[in-house]
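Trainee: Sequence first, predicted model second:
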Amino acid sequence: MNSVKGCAECHRLSESYEKATMAWFRLEGNLRIAEYGRDEASVLALVRELAATGEQRDSLRSAIARHQSETHPKASTASGHSRP
């Protein structure tokens, strides 16, 4: 994420996105293990958690883009990236 130095909201959103991303990677790893072990109950539960975490990441990406375009429009266009 392109955060503006000193912006508390940029920091909060970035930190939340990083935590959600790390959770997503952990779930992905656990899903692979459950699939390898043919643990159907765990696979189903992990697929649901993974979907929810993916939705959370999407929501945070949207919030980041919205915040940058509304609060830091010059910073979001300076990098040439419209999406973090």
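Mentor: Noted; the coordinates are in hand.

Trainee: CA only for contacts and neighbour counts going forward, please
Mentor: Will do.

Trainee: Confidence-wise, which helix or strand of the protein is lowest on average?
Mentor: helix 73-78 (a mean of 63; mean pLDDT, DSSP states H and E).

Trainee: ok, and for stretch 33-47, which residues are buried?
Mentor: A34, S42, V43, L46 (16 or more other Cα atoms under 10 Å).

Trainee: could I get these as JSON lines with distance to E15, secondary structure and pLDDT?
Mentor: JSON lines is the format used below for the buried residues of stretch 33-47 (distance: Cα to Cα, whole Å; DSSP: H, G, I helix; E, B strand; the rest coil; pLDDT from 0 to 100):
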{"residue": "A34", "distance to E15": "29", "secondary structure": "helix", "pLDDT": "96"}
{"residue": "S42", "distance to E15": "28", "secondary structure": "helix", "pLDDT": "96"}
{"residue": "V43", "distance to E15": "28", "secondary structure": "helix", "pLDDT": "96"}
{"residue": "L46", "distance to E15": "23", "secondary structure": "helix", "pLDDT": "97"}
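
Trainee: Name the nearest of those residues relative to G6.
Mentor: Closest to G6 out of these is L46 (36.7 Å), distances taken as Cα to Cα.

Trainee: measure the spatially closest residue to the closest one that is not a sequence neighbour to L50 for me?
Mentor: Using Cα to Cα, 6 or more residues apart in numbering and skipping residues adjacent in sequence, the residue nearest L46 is L31, 5.9 Å away. Note on L31: its distance to L50, by Cα to Cα, to the nearest Å, is 9 Å.

Trainee: And N30, by the same measure?
Mentor: Relative to L50, N30 is positioned 10 Å away (Cα to Cα).
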